[in-house]
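Undergrad: 3D model of this:
(2 chains)
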Amino acid sequence: MKIEEYEDIPGTTVFDAQRARKGYHINQFLYSLMKDENRKAFLADEHKYLLGYPMSEEARQAVMKRDWNRLLELGAVSYALAKLAFTDGHSYQYMAAEMTGMTQQQYADMMIHGGRSVEGWRSKRERGEA
Amino acid sequence: MAKIIAGIGTSHTPAIGAALDLGKTAEPYWAPVFQGYAPCQQWMEENKPDVVIMVYNDHVNAFDFKIIPTFAIGCGDEFAIADEGWGARPVPVVRGYPEFASHLVQSLVLDEFDITIVNEMQVDHGLTVPMSLAFGQPKQWPVKVIPLAVNVIQYPAPTGNRCYNLGKAIKKAVEAWDEDLKVVIFGTGGMSHQIQGPRAGLINTPFDTAFLDDLSRDPKRLVNIPPIEYLREAGNEAIELVMWLIMRGALGDKVDEVYRFYHVPASSTGVGHIILETGEYHRQRQGKAAA
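TA: Model prediction:
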């Protein structure tokens, strides 16, 4: 597989064609949560509902653990993942904060103070991560 | 003849729509944002466009992953408001303009842009938040709307250059329509933001400021920004800014910036807003004001 330049951006999982292909059924599951009857059925028995979608058991476990960053790696896209956060009664910002490892309050404070600076967040190579 | 008189650049952050719908516009967090858009509502009152071409992106609401069109134009009579997971926004149904939209599609395909025709679709915050910011909370929207949805979710989005050229072809198509219409084109999304992964929350104000500056000063520079630069410098979701270049391309070479607003944050986003009048329309307006 070609190593894309954007793989060097730290803390970022670009939803490209390969990830979209891998994550197709996870994303279709997440899309199904737009309907209230589906949200109810999912919450009533998460694993049973997930068996209706041909994804890996690892992906099902990541959904049930709300392991957002793992789900990004498995090919879920953030806008679809938001449907899962909403199903839980959470906001998008709650999910974004969890992805960063901050509390929602810490995250909101960071945003009020101008957000995360790009300095130090441009390149994995620069950060010694690659 | 139909004419594009101005372009509007604006973020379309869903939280802004929620704040408006829940009556939070006077809260200290939100008040600066809504104050920042008051001049836009005034501009719309004064200039009364007939049609809006709304360049926006769907956020996995109208389109799932079965089919992912790069450019899609809504040709329906009307577009219902999507329930994105917390109930549909309480805003009026969006009225389309099927005859004009179909003409645009026909002209654009002949100009070698492969447009997907969408006769039925719902519209999400990407379209409705800019409508609310520009037109407030009317019982009915005062304009017809042609939705132009761009894929910016699955990488790669169309390049800035492609978007700019699409804008030029839209200008040509609009001017070939034999009806006196004032058209305003919106480029929405952005500005800097990242809303996924450990780097979420990224904001790059200098990047955003330079982008706003160069919409009138040096659009060629913006057209040549490669995708990696948006992602790396301004956040994974900043790629939405290519949609502003469709708007910019549709305005012709000379534009006059008549208003600008920038604010951090709305939720996770650097909110940017600009009003660019076409050179021709701006001179007309100044002539009228002087007379």
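Undergrad: is stretch A:26-36 anywhere near chain B?
TA: Yes - using CB under 8 Å from any CB of the partner chain, we find that stretch A:26-36 touches chain B at A:27-28, A:30-31, A:33-34. Glycine gets a C-beta too; all of them are placed from N, C-alpha and C.
Undergrad: contacts for that stretch?
TA: The set of residues external to stretch A:26-36 that reach it, using CB atoms under 8 Å, 6 or more residues apart in numbering or on different chains, is A:20, A:38-39, A:42, A:50, A:52-53, A:55, A:59, A:63, A:71, A:74-77, A:80-81, A:83-84, A:86-87, B:60-61, B:64-66, B:83-85.
Undergrad: Looking at those residues, which are in helices?
TA: For the contacts of stretch A:26-36, membership in helices holds for A:20, A:38-39, A:42, A:50, A:59, A:63, A:71, A:80-81, A:83-84, A:86-87, with DSSP state H as the criterion.
Undergrad: So which of those residues reach chain B?
TA: Answer for the ones in helices among the contacts of stretch A:26-36 near chain B (CB under 8 Å from any CB): A:20, A:80-81, A:83, A:86-87.
Undergrad: Nearest to chain B among these?
TA: Nearest to chain B out of these is A:Phe86 (CB to the nearest CB; 3.6 Å).
Undergrad: Are any of the contacts of stretch A:26-36 buried, and if so which?
TA: Among the contacts of stretch A:26-36, those that count as buried by neighbour count (16 or more other CB atoms under 10 Å in any protein chain shown) are A:20, A:38-39, A:42, A:50, A:53, A:55, A:59, A:63, A:71, A:74-77, A:80-81, A:83-84, A:86-87, B:60-61, B:64-65, B:84-85.
Undergrad: Off-centre distance for stretch B:37-52?
TA: Here stretch B:37-52 shows a centroid-to-chain-centroid distance of 14 Å under the convention CA atoms, centre = their mean, to the nearest Å.
Undergrad: tell me which residues in it are buried?
TA: Buried residues in stretch B:37-52, defined by neighbour count with 16+ other CB under 10 Å: B:37, B:40, B:43-44, B:49-52.
Undergrad: and the residues you listed as a markdown table, adding pLDDT, secondary structure and distance to B:His12?
TA: What follows is these, written out as a markdown table (pLDDT from 0 to 100; DSSP: H, G, I helix; E, B strand; the rest coil; distance: CB to CB, whole Å):
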| residue | pLDDT | secondary structure | distance to B:His12 |
| --- | --- | --- | --- |
| B:Tyr37 | 98 | helix | 12 |
| B:Cys40 | 98 | helix | 13 |
| B:Trp43 | 98 | helix | 18 |
| B:Met44 | 98 | helix | 17 |
| B:Pro49 | 98 | coil | 18 |
| B:Asp50 | 98 | coil | 22 |
| B:Val51 | 98 | strand | 19 |
| B:Val52 | 98 | strand | 13 |
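Undergrad: any chance of the residues you listed in a markdown table, plus distance to A:Glu119?
TA: What follows is the buried residues of stretch B:37-52, written out as a markdown table (distance: CB to CB, whole Å):
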| residue | distance to A:Glu119 |
| --- | --- |
| B:Tyr37 | 30 |
| B:Cys40 | 33 |
| B:Trp43 | 37 |
| B:Met44 | 39 |
| B:Pro49 | 41 |
| B:Asp50 | 46 |
| B:Val51 | 43 |
| B:Val52 | 38 |
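Undergrad: and which of those residues is nearest chain A?
TA: Each of the buried residues of stretch B:37-52 was checked against chain A using CB to the nearest CB; the closest is B:Tyr37, at 19.5 Å.
Undergrad: Dihedrals phi and psi, the closest residue to the closest one other than its chain neighbours?
TA: Nearest-residue entry for B:Tyr37: B:Leu133, 4.6 Å, with adjacent residues in sequence omitted and distances by CB to CB, 6 or more residues apart in numbering or on different chains. B:Leu133 adopts backbone torsions of phi -70, psi -30, taken as degrees, to the nearest 10.
Undergrad: My guess is B:Leu133 contacts B:Gln35. True?
TA: No - using CB atoms under 8 Å, B:Leu133 is not in contact with B:Gln35; the gap is 11.6 Å.
Undergrad: Between these two, which is the more surrounded one?
TA: Here B:Leu133 and B:Gln35 are compared on neighbour count by other CB atoms under 10 Å in any protein chain shown; more neighbours surround B:Leu133, at 27 against 13.
Undergrad: Which residues are in contact with that one?
TA: Contacts of B:Leu133 were listed using CB under 8 Å, 6+ apart, and they are B:10, B:16, B:37, B:40-41, B:273.
Undergrad: Please report the distance of it from chain A.
TA: For B:Leu133, the distance to chain A (CB to the nearest CB, to the nearest Å) stands at 19 Å.
Undergrad: now swap in B:Ala88 and tell me
TA: In this structure, B:Ala88 and chain A are separated by 11 Å, where distance is defined by CB to the nearest CB.
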